[in-house]
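Colleague: sequence plus predicted model, see below.
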Amino acid sequence: MYVKELRKHLYVCQSCGYHYPLGARDRAEMLFDEGSYKEFDQELISLNPLHFPNYMNKLENDRKKTNLNEAVLTAMGEIEGQKAAVAIMDKGFRMGSMGSVVGEKLTRLVEYAGAHQLPVIIFSASGGARMQEGMLSLMQMAKTSAALKAFSENGGLFISVMTHPTTGGVSASFASLGDYNLAEPGALIGFAGRRIIEQTIGEKLPDDFQTAEFLLKHGQLDRVVPRNDMRQVLGNLLALHVEGGMPDGIGTRV
């Protein structure tokens, strides 16, 4: 496939439907209405509190590779004319792992959304908590979950979109807390690895175990949404939750 053709189809194979990995900036350009989004907290960068060998060099290499300062892009913009606060994780930056800065950026975004009465959408793509930051990384699970709990108690709308892969501490915290939990086709979603689970329970797991389709079948997702339909689906969900509802008057405020 020519790259130009692949990009035109949002990096989805037109023969088999395979969804290629998407960087945070590419997804933002495809998701938001043209020229409508503004990034937050771009200046935040990770430190090395545990003095982990070569950690800072690896972070610098990932910054150059992804054109991001951390593994998540946070922004406010419009999707199909509806305003939203959006976070997009990028697995190209330390496998989308959640360290202190990722947790801080997500928490600030949720708090901003609560203060300005905006819905929150988070696109997850992560290998889990970042081992180079130890317990400080694991703390972000509680921090982001607590921020979303307060946001929800004040009537905020949170839409979680799980992309490939959404695993470890991210899947066990904010990624699973959506009012709507969506996923892209074929996404790997789970906490522990397949081999660990099989060795623990002493059983062979189904071939499609931990895929988006498996989770949908077992009630852990609300819908599997192809990337080509994502903008429209999110726009419709956002419209349902604003006064006046859908443009055609079908929806109502929830």
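Modeller: Good, I have the coordinates.
Colleague: per-residue pLDDT, the closest residue in space to L59 that isn't next to it in sequence?
Modeller: Using Cβ to Cβ, 6 or more residues apart in numbering and skipping the chain neighbours, the partner closest in space to L59 is S46 (5.7 Å). C-beta here means a position set from N, CA and C on the backbone, and glycine is covered the same way. As predicted, S46 sits at a pLDDT of 96.
Colleague: for this structure, which helix is longest?
Modeller: helix 134-153 (DSSP state H).
Colleague: hmm, who's touching that helix?
Modeller: 49-50, 97-100, 102-104, 106-107, 110-111, 113-114, 120, 129-131, 158, 169, 172-174, 177, 179 (Cβ atoms under 8 Å, 6 or more residues apart in numbering).
Colleague: run a quick neighbour tally on D208.
Modeller: Burial of D208 is recorded as 12 neighbouring residues (other Cβ atoms under 10 Å).
Colleague: doesn't it lie inside a strand?
Modeller: No. Counting by DSSP: H, G, I helix; E, B strand; the rest coil, D208 is not found in a strand; it is coil.
Colleague: F214 is in contact with that one, correct?
Modeller: Yes. With contacts counted by Cβ atoms under 8 Å, D208 reaches F214, the gap being 4.7 Å.
Colleague: picking up where we left off before, which residues does the residue nearest to L59 contact?
Modeller: With Cβ under 8 Å, 6+ apart, S46 has these contacts: L59, E70, G99, S100, V101, E133.
Colleague: confidence score at the fourth one?
Modeller: This points to S100. What the model reports for S100 is a pLDDT of 97.
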